[in-house]
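Visitor: Mind looking at a prediction? Sequence and model below.
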Amino acid sequence: MNVTPIAPPPASPIRRLRGRLRPRTRPRFRGLSFNRMLPNILTMLGLCAGLTAMRMALEGRFGMAAAALVLAGAIDGLDGRLARLLKATSRFGAEFDSLSDFLCFGVAPAFIMYLWSLQRVGAYGFVPCLIFAVCMALRLARFNAALDTEPDELHAYVYNFFTGVPAPAGAGVVLFPLFLGLEAKSLGWTQLLAITQFPLFPALFLIGTALLLVSTLPVWSFKNFKIPAEYVLPTLLGVGLYAALLVADPWAALAAGGLIYLAMLPFSRRSFHRLRREAEEPED
């Protein structure tokens, strides 16, 4: 005898709706999110820009080499701030950033200046480049060691200053002869171009900047820098004018930026000592 199976009753519309609205479980993958990887990706791009600058210098394209180092400096100013904004700071990121800084701002500028001018005097021209690269490594090692120190609440003003000139600024100062030489070349000033390529001129900048890197000179970090209200408008106007000059004549703007930074160092030192005196004065 054949028995016809009884079909189950059709599901009600409410039950079918619940089945559609039931959230689907997504497979979970182990690893880092893209937000936590983004600062390290920027650091890697800055490292690639520094390596590209060395290649451009080997090919004699010093304008492209300078532009690549400027790009590396801009990236270096973004990756750390982006990591703090995304709460993606890590020990790996800090070490990777230091290694990238050593190549982009320690090795590459010295390499470029050697090819720009110092190779004319042979082995003697390599000495200033070696001094600068070694001092840059010491400066970065001192900075990394300072990260492990406990914060001193009694001297909070100290964290508004760097100890010695920071790496990107040091590279910018060292490249001043190159910026000035590229500007002289674009204007056809052959005498000024010859001066910037005279080996003694870049050597003085390399050795002088190397001493500033490892010095104990307090330098504004501009992280928590506060501008008085009466200087806000002039500061904005000055930044706007500098940006316009950077677009119209980049080499002149970069060379002027190096001189402006050197001129700020005495004021930074005076500001540090004033804040220290105020912090050490006994309260009434």
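Guide: Nice, thanks for sending it over.
Visitor: ok, S117 - contacts?
Guide: G125, P177, T196, Q197, F198, P199, F201, P202 (CB atoms under 8 Å, 6 or more residues apart in numbering). Glycine gets a C-beta too; all of them are placed from N, C-alpha and C.
Visitor: Could you check how many residues crowd around L211?
Guide: Neighbour count for L211, taken as other CB atoms under 10 Å: 14.
Visitor: Would you agree P199 is in contact with F126?
Guide: No: look at P199 against F126 with CB atoms under 8 Å: they stay out of range, at 10.9 Å.
Visitor: who's more crowded, those two?
Guide: Higher neighbour count among P199 and F126: P199, with 19 against 14, using other CB under 10 Å.
Visitor: Relative to L237, how far out is that one?
Guide: 40 Å (CB to CB, to the nearest Å).
Visitor: same deal with R270?
Guide: Taking CB to CB, one finds R270 at 24 Å from L237.
Visitor: now do S117
Guide: As for S117, its distance to L237 is 36 Å (criterion: CB to CB).
Visitor: same check, this time on S271
Guide: As for S271, its distance to L237 is 22 Å (criterion: CB to CB).
Visitor: Now the strand or helix carrying N144: buried residues?
Guide: Using DSSP states H and E, N144 sits within helix 123-147. Across helix 123-147, burial judged by 16 or more other CB atoms under 10 Å covers G125, P128, C129, I131, F132, A133, C135, M136, A137, R139, L140, F143.
Visitor: could these be laid out in CSV, adding pLDDT and distance to A279?
Guide: Listed next are those as CSV, based on pLDDT from 0 to 100; distance: CB to CB, whole Å:
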residue, pLDDT, distance to A279
G125, 91, 46
P128, 95, 38
C129, 94, 40
I131, 95, 35
F132, 96, 34
A133, 95, 36
C135, 94, 30
M136, 94, 31
A137, 94, 32
R139, 92, 26
L140, 90, 28
F143, 83, 23
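Visitor: Make TSV out of these and add distance to S221.
Guide: Listed next are the buried residues of helix 123-147 as TSV, based on distance: CB to CB, whole Å:
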residue	distance to S221
G125	33
P128	27
C129	27
I131	25
F132	22
A133	23
C135	19
M136	18
A137	21
R139	14
L140	15
F143	11
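Visitor: Specify which member of those residues is nearest to I75.
Guide: Using CB to CB, L140 comes nearest to I75 of the buried residues of helix 123-147, at 16.5 Å.
Visitor: That closest one is in contact with F102, isn't it?
Guide: Yes: L140 lies in contact with F102 (CB under 8 Å); the separation is 5.7 Å.
Visitor: Spit out the residues that contact P199 and F126 alike.
Guide: Common neighbours of P199 and F126 are listed as L118 (criterion: CB under 8 Å, 6+ apart).
Visitor: Going by neighbour count, which of the contacts of S117 comes out on top?
Guide: Top of these by neighbour number is P202, holding 28 neighbours under the definition other CB under 10 Å.
Visitor: does that residue count as helix, strand or coil?
Guide: Classification of P202 by DSSP: H, G, I helix; E, B strand; the rest coil places it in helix.
Visitor: For it, give me the pLDDT.
Guide: As predicted, P202 sits at a pLDDT of 94.
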